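In: Need the 3D shape of this:
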Amino acid sequence: MEIREVAVIGAGTMGAGIAQVCAQAGMENQSLRRVPRRSRTWHGSH
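Out: Numbering: from 1, shown residues only. This is a model prediction of the structure:
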């Protein structure tokens, strides 16, 4: 099984490094960064 796409949730020190290594290995990747202020606002309104 070949991994061609990855999603990295969290763009902090660890997540950014994981995304970089995956990109260097030729994988398509999506990085998602959670902004706590926005998360609280969304959670509080739903």
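In: list the buried ones in whatever helix or strand Met14 lives in?
Out: Per DSSP states H and E: Met14 is located in helix 13-24. Residues of helix 13-24 classed as buried: 15, 18-19, 22 (neighbour count, 16 or more other C-beta atoms under 10 Å). Using the backbone N, CA and C atoms, a C-beta is placed for each residue, glycine as well.
In: after that helix, next one along is what?
Out: In the C-terminal direction, the helix or strand that comes right after helix 13-24 (DSSP H and E) is strand 28-32.
In: what lines up beside that following strand in the sheet?
Out: According to DSSP bridges, strand 28-32 forms sheet pairs with strand 5-9 (parallel).
In: Nearest to Arg34, out of the buried residues of helix 13-24: which one, please.
Out: Lowest distance from Arg34 to the buried residues of helix 13-24 (C-beta to C-beta) belongs to Gly15, with 9.9 Å.
In: Could you pull up the residues touching the closest one?
Out: Listed by C-beta atoms under 8 Å, 6 or more residues apart in numbering, the contact set of Gly15 reads 8-9, 31, 33.
In: Any idea which of the residues you listed the model trusts least?
Out: Across the contacts of Gly15, the smallest pLDDT goes to Arg33, namely 80.
In: gap between that residue and Met1?
Out: To Met1, Arg33 is 28 Å away according to C-beta to C-beta, to the nearest Å.
In: More neighbours: which of the two?
Out: More crowded of Arg33 and Met1, by other C-beta atoms under 10 Å: Arg33, with 11 against 3.
In: May I ask you to confirm that the more buried one is in contact with Gly10?
Out: Yes. Assessed by C-beta atoms under 8 Å, Arg33 is found in contact with Gly10 at 6.9 Å.
In: Now do Val6: how many residues are near it, please.
Out: 16.
In: Wait, it touches Gln20, no?
Out: No. Assessed by C-beta under 8 Å, Val6 is found out of contact with Gln20, at 11.5 Å.
In: Name the helix or strand of the chain that has the lowest mean pLDDT.
Out: Scoring the helices and strands of the chain by mean pLDDT, DSSP states H and E places helix 36-45 at the bottom, with a mean of 56.
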